[in-house]
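Enquirer: Sequence and predicted structure below; questions after.
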Number of protein chains: 2
Amino acid sequence: MADRSTSKAGTPASAAALPVAGAHLSPRAREIVAAARTLLEESGPTALTMRTLADHLGIKAPSLYKHFPDKQAVEVELIAQMLEECAEVLEATEARASGGLPALAEAYRAYALAHPHLYCLATERPLPRASLPPGLEDRAALPLLRACGGDGDLARSIWAFAHGMVILEIHGRFPGDADLAAAWKRGLTALHS
Amino acid sequence: MADRSTSKAGTPASAAALPVAGAHLSPRAREIVAAARTLLEESGPTALTMRTLADHLGIKAPSLYKHFPDKQAVEVELIAQMLEECAEVLEATEARASGGLPALAEAYRAYALAHPHLYCLATERPLPRASLPPGLEDRAALPLLRACGGDGDLARSIWAFAHGMVILEIHGRFPGDADLAAAWKRGLTALHS
DNA sequence: CGATTAAGGCTAACACCGTTAGCCACGACT
DNA sequence: AGTCGTGGCTAACGGTGTTAGCCTTAATCG
């Protein structure tokens, strides 16, 4: 990591500026993370076990420790993937014609609901900031901050609203007959400057 | 709920209308729940183990199963306690002179931050509604709904905002230099009709 | 009073969890 | 030809929720 200049050969500058998640991992480690992700997304967090993860890769659980120091290290990679994909989705929304705050919120909600287990994994615990690619957390937050004209307090209150709506919906906390689209619209128009 | 009239003998009507959490439990079971609560609140969810819980009661883990079918049943009682206390706090705030929406929000935040582990336990999973005292969930939601003049969409958007603020703060997701009081005020004044 | 029964403890054990220690086969490089 | 890193393996440890089965005590009843 001391010298990034080696990556400038053969790689477009734009891609070099955006560190791809898991770039520091060996190919085999990336396979493990990929298997962990499908396991998590398809079968939920209780299925994400070192033994079942190894099974899906055709190896035994202890062999995983040749690639990762512990289970949390695998989870950190999944969290990094979520943050990066979230950032990409928001940046793409921002770049589109309809890139206002409602579009950002809709994109955020759609991504979270499309990957509920991953969203919860990345969200329902303190962020392991030390183990995360530097700048990734900020990058995921920037589109909303820009949409708020740089007003951090406003951005945080909108983020809290969006996260609250998404996480309560994922956990089925709203009554079955609740009109969530109406609640979203209500909150966003109120918070929208 | 077919016949509540049996409870009218010997119990004040006001208390009979408010089912106290764990009333259906034996005294020993209530002791277990109490020990589980102090364990959870003082040492976090990872310390809430059937073995350490039994240790704190001076018995062995399998003996707990004479009182509860499984660990989840103990957790359900803790969740019910949280919902009931939350309802009590909000109702008391409502009854005070300063019982407006900002006061409700502040009371909600204060309760959650005073019992972060309990709040997470009761919040970060689907509600076991079938195992909960009937009406308790609604009771906890009513003060906010009343403050919103019966507007369910508005109440849900405010609840999502408050839960998002609280849960993100508990998990240390906001930057250390963020002015959370400002974010709260910003969100509440915007959502406040 | 003696017998029965329920309550509530116990030990032993099972399957599963994350994780460690130590061994071994293979392939690449010197 | 030899060395060494890579990446697999088995065996095992301590901890988890949980079950089966036994035993003691206290209350209840014929």
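Expert: Sure thing, it's come through.
Enquirer: how far away is A:His117 from DNA strand D?
Expert: 21 Å (Cβ to the nearest atom of the strand, to the nearest Å). For glycine as for every other residue, the C-beta is placed from the backbone atoms N, C-alpha and C.
Enquirer: Look at that residue and report its pLDDT.
Expert: Looking at A:His117, its pLDDT reads 98.
Enquirer: now A:Trp184
Expert: 98.
Enquirer: Please tell me I have it right and it contacts A:Met165.
Expert: Yes - using Cβ atoms under 8 Å, A:Trp184 is in contact with A:Met165, at 6.1 Å.
Enquirer: Once you drop chain neighbours, what's closest to A:Val20?
Expert: Closest residue to A:Val20 apart from its sequence neighbours, by Cβ to Cβ, 6 or more residues apart in numbering or on different chains: A:Glu84 at 7.6 Å.
Enquirer: What about that neighbour, how many residues nearby?
Expert: Neighbourhood size, A:Glu84 [other Cβ atoms under 10 Å in any protein chain shown]: 19.
Enquirer: Tell me the secondary structure at it.
Expert: helix (DSSP: H, G, I helix; E, B strand; the rest coil).
Enquirer: From DNA strand D, how far out is A:Leu180?
Expert: 33 Å.
Enquirer: Return the residues in contact with that residue.
Expert: A:165, A:169, A:174, B:156 (Cβ atoms under 8 Å, 6 or more residues apart in numbering or on different chains).
Enquirer: among those residues, which are in helices?
Expert: Secondary structure defined by DSSP state H assigns A:165, A:169, B:156 of those to helices.
Enquirer: And these, which is closest to DNA strand C?
Expert: A:Glu169 (27.2 Å; Cβ to the nearest atom of the strand).
Enquirer: shouldn't the closest one be in contact with A:Leu113?
Expert: Yes - between A:Glu169 and A:Leu113 there is a contact at 7.1 Å, judged by Cβ under 8 Å.
Enquirer: Neighbour count for the two, which is higher?
Expert: A:Glu169 (19 against 12).
Enquirer: mind listing what the more buried one touches?
Expert: Listed by Cβ under 8 Å, 6+ apart, the contact set of A:Glu169 reads A:113, A:180.
Enquirer: Look up which helix or strand A:Ala110 falls in, please.
Expert: Following DSSP states H and E, one finds A:Ala110 within helix A:101-114.
Enquirer: before we move on, back to that, pLDDT and distance to A:Ala36 for the ones in helices among the contacts of A:Leu180 - can I get that in CSV?
Expert: Output for the ones in helices among the contacts of A:Leu180, formatted as CSV (pLDDT from 0 to 100; distance: Cβ to Cβ, whole Å):
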residue, pLDDT, distance to A:Ala36
A:Met165, 98, 28
A:Glu169, 98, 25
B:Arg156, 98, 34
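Enquirer: A:Ala112 versus the most centrally placed residue in chain A, what's the distance?
Expert: Residue closest to the average C-alpha location in chain A (Cα atoms, centre = their mean): A:Met82, at 2.0 Å. Using Cβ to Cβ, to the nearest Å, A:Met82 is found at 9 Å from A:Ala112.
Enquirer: Which neighbours do those two have in common?
Expert: In contact with both A:Met82 and A:Ala112: A:Tyr119, using Cβ under 8 Å, 6+ apart.
Enquirer: Of A:Trp184 and A:Met165, which one has the most company?
Expert: A:Met165 (27 against 23).
Enquirer: Next one, pLDDT for the residue nearest to the more buried one when sequence neighbours are not counted please.
Expert: Closest residue to A:Met165 apart from its sequence neighbours, by Cβ to Cβ, 6+ apart: B:Ala160 at 4.3 Å. Per-residue pLDDT puts B:Ala160 at 98.
Enquirer: In which helix or strand does B:Ala160 reside?
Expert: Per DSSP H and E: helix B:152-170 holds B:Ala160.
Enquirer: my guess is the residue nearest to A:Val20 contacts A:Leu136, does it?
Expert: Yes - using Cβ under 8 Å, A:Glu84 is in contact with A:Leu136, at 6.3 Å.
Enquirer: What parts of chain A come near DNA strand D?
Expert: Residues of chain A lying near DNA strand D by Cβ under 7 Å from any atom of the strand: A:26, A:28, A:54, A:58-60, A:62-63, A:66-67.
Enquirer: Helices - which of those land there?
Expert: The members of these that map onto helices under DSSP H are A:28, A:54.
Enquirer: Buried among the residues of chain A next to DNA strand D? Need that as a selection in ChimeraX.
Expert: One line in ChimeraX is enough to select the buried ones among the residues of chain A next to DNA strand D; burial here means 16 or more other Cβ atoms under 10 Å in any protein chain shown:
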select /A:54,67
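Enquirer: Distance check, A:Ile38 against DNA strand D.
Expert: In this structure residue A:38 is Thr, not Ile. For A:Thr38, the distance to DNA strand D - Cβ to the nearest atom of the strand - is 18 Å.
Enquirer: let me fix that: A:Leu132
Expert: 23 Å.
Enquirer: Over to A:Ala141?
Expert: 35 Å.
Enquirer: Kindly report the same for A:Leu113.
Expert: Counting by Cβ to the nearest atom of the strand - A:Leu113 and DNA strand D are separated by 30 Å.
Enquirer: Can you name the residues that contact that residue?
Expert: A:166, A:169-170.
Enquirer: switch to 10 Å and redo it
Expert: Going by Cβ atoms under 10 Å, 6 or more residues apart in numbering or on different chains, A:Leu113 touches A:119, A:166, A:169-170.
Enquirer: For ChimeraX, what selects the buried ones among those?
Expert: Selection of buried members from the contacts of A:Leu113 for ChimeraX, criterion 16+ other Cβ under 10 Å:
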select /A:119,166,169,170
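Enquirer: Alright, I will stop here.
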